[in-house]
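[1] What shape does this take:
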Amino acid sequence: MEKRRLGQTDMYVNMVGLGCMGLSHASGTPVAREEAIHILQEAHHIGYDLYDTAECYTGIYPDGSISHNEEIVGEAVKNFRDEIVLCTKFGVTHKGNHLELDSSPQKIRESIEGSLKRLQTNYIDIYYQHRIDPQVEPEIVAGVMKELIQEGKIKAWGISEVNEDYLRRAHANCPVTVIQNRYSMMARWHEHLINVCQELGITYIAFSPLANGALTGAYHSQADFKDDKQDFRRNMPQYSETGMIKTNQLLKIVSELAKKYNATNAQISLAWMLSKFDNLIPIPGSRKIDRLASNFAAGNIHLSYEDIEIIDYQLEHMEFEVFGGH
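    Here you go, the predicted model:
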């Protein structure tokens, strides 16, 4: 599989990365610790070499204890730590139904020490500001990142859910290696940033590249998730009655291409963005090893220019009800 460079660094990774969040957070009751560790280790055998987690990815096990994604990832990768690019994030705390944002220098310093300990490592390859903190200027955050790079605690840094102005200001003070924003066939409002990243020599990491599972075709309504209060998808608009009508219109097109390429819906959805942009890496996640293998194999599927044009033309004439929609 083709390797893709992360920004202007000497780090190269396979075209499909691994989003680890769903094992602990937002996708239902956390996977049992030992099973989650096994899944992450199997992912390495499959070929994944970019692992993405965050300080705030937590969930509650049935016994009431906390599942901390960083701890699970750290335990899973410790025997092959230097063979992967390990990414985590700071600046967000979940407070009930809202996010508390804090990217103050003091908080960043506290967060990096906690993440290093939980991940069982003495350096982080890519350290993300998880969300823009309106109380802290990008130059201040970039300044702390420059210090952490000089101290050897991180190799590079990135920003998640960033806009163009913030990105340019931050990048001017300490070069940004990656950004991580939502992107999928159903969520294309950040597409202009992919071109900005190309200009600046930055890699675009696409989170939720399968629209929180909607593009797999495996789910049919919000009722598929109602039994688990820790599954955020239970209230996502793409799974509402009207949302599914629009989702299924796209899935019909994707399914036809899947037949042509002898692929799955998910593979076509990932191959579409990989074939369009050479500075993009999607980070799908799954709790099932066979789906992890299938997603990874999407990096070997190359859609024709004509097929990409057909998809893009259809997308221009479609509207979706999707989580995070603008």
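[2] May I ask which helix or strand of the chain has the lowest mean pLDDT?
    Every helix and strand in the chain was compared by mean pLDDT, DSSP states H and E; the lowest is strand 92-95, with a mean of 87.
[3] Just checking: what are the partner strands of it?
    Applying DSSP bridges to the sheet, strand 92-95 is found paired with strand 98-101 (antiparallel).
[4] Just to check, N279 is in contact with N195?
    No: between N279 and N195 there is no contact under Cβ atoms under 8 Å: 9.3 Å. Any C-beta I mention is one placed from the backbone N, CA and C, and that applies to glycine too.
[5] the more surrounded of the two?
    Shown here are N279 and N195; by other Cβ atoms under 10 Å, N279 has more neighbours (19 against 12).
[6] Helices of the stretch 101-250 of the chain, residue ranges please.
    105-118, 138-150, 164-173, 191-200, 241-260 (DSSP state H, counting those that start in this stretch).
[7] Quick check: which of these is buried the most?
    Highest mean neighbour count among the helices of the stretch 101-250 of the chain (mean count of other Cβ atoms under 10 Å): helix 138-150, with a mean of 18.
[8] what mean pLDDT would you report for that helix?
    Per-residue pLDDT over helix 138-150 has a mean of 98.
[9] helices and strands around that helix, which ones?
    helix 105-118, strand 124-129, strand 154-160, helix 164-173 (3 or more Cβ pairs under 8 Å, 6 or more residues apart in numbering; DSSP states H and E).
[10] swap the cut-off to 7 Å and go again
    The elements that helix 138-150 packs onto, with contact taken as 3 or more Cβ pairs under 7 Å, 6 or more residues apart in numbering; DSSP states H and E, are helix 105-118, strand 124-129, helix 164-173.
[11] Run through who's touching the last one.
    Looking back up the chat, that one is helix 164-173. With contacts defined as Cβ atoms under 7 Å, 6 or more residues apart in numbering, helix 164-173 is touched by 132, 138-139, 141-143, 159, 176, 179, 193, 196, 200.
[12] what does stretch 132-141 rub up against?
    With Cβ under 7 Å, 6+ apart, stretch 132-141 has contacts from 91, 101-105, 129, 161-162, 166, 169-170, 173.
[13] And stretch 307-315, by the same measure?
    With Cβ under 7 Å, 6+ apart, stretch 307-315 has contacts from 185, 188, 253, 257, 272, 275-276.
[14] Low-confidence regions, the stretch 51-200 of the chain specifically.
    Low-confidence segments of the stretch 51-200 of the chain (pLDDT under 70): 96.
[15] same thing but 50
    Counting by pLDDT under 50, the stretch 51-200 of the chain contains no low-confidence range.
[16] Need the helices of the stretch 101-250 of the chain in JSON lines (columns: distance to R5).
    JSON lines is the format used below for the helices of the stretch 101-250 of the chain (distance: least, Cβ to Cβ, whole Å):
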{"stretch": "helix 105-118", "distance to R5": "24"}
{"stretch": "helix 138-150", "distance to R5": "18"}
{"stretch": "helix 164-173", "distance to R5": "17"}
{"stretch": "helix 191-200", "distance to R5": "12"}
{"stretch": "helix 241-260", "distance to R5": "28"}
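[17] So for H44, which of those sits nearest?
    If you check each of the helices of the stretch 101-250 of the chain against H44 by Cβ to Cβ, helix 105-118 wins as the nearest, at 18.8 Å.
[18] roughly how far apart are the residue nearest the centre of the chain and L101?
    For the chain, the residue nearest the mean C-alpha position is F207 (3.0 Å; Cα atoms, centre = their mean). According to Cβ to Cβ, to the nearest Å, F207 and L101 sit 18 Å apart.
[19] before we move on, back to that, turn the contacts of stretch 132-141 into JSON lines, columns for distance to L6.
    Supplementary listing: the contacts of stretch 132-141 in JSON lines, determined by distance: Cβ to Cβ, whole Å:
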{"residue": "G91", "distance to L6": "20"}
{"residue": "L101", "distance to L6": "25"}
{"residue": "D102", "distance to L6": "26"}
{"residue": "S103", "distance to L6": "22"}
{"residue": "S104", "distance to L6": "27"}
{"residue": "P105", "distance to L6": "25"}
{"residue": "Q129", "distance to L6": "16"}
{"residue": "E161", "distance to L6": "19"}
{"residue": "V162", "distance to L6": "16"}
{"residue": "Y166", "distance to L6": "20"}
{"residue": "R169", "distance to L6": "21"}
{"residue": "A170", "distance to L6": "17"}
{"residue": "N173", "distance to L6": "19"}
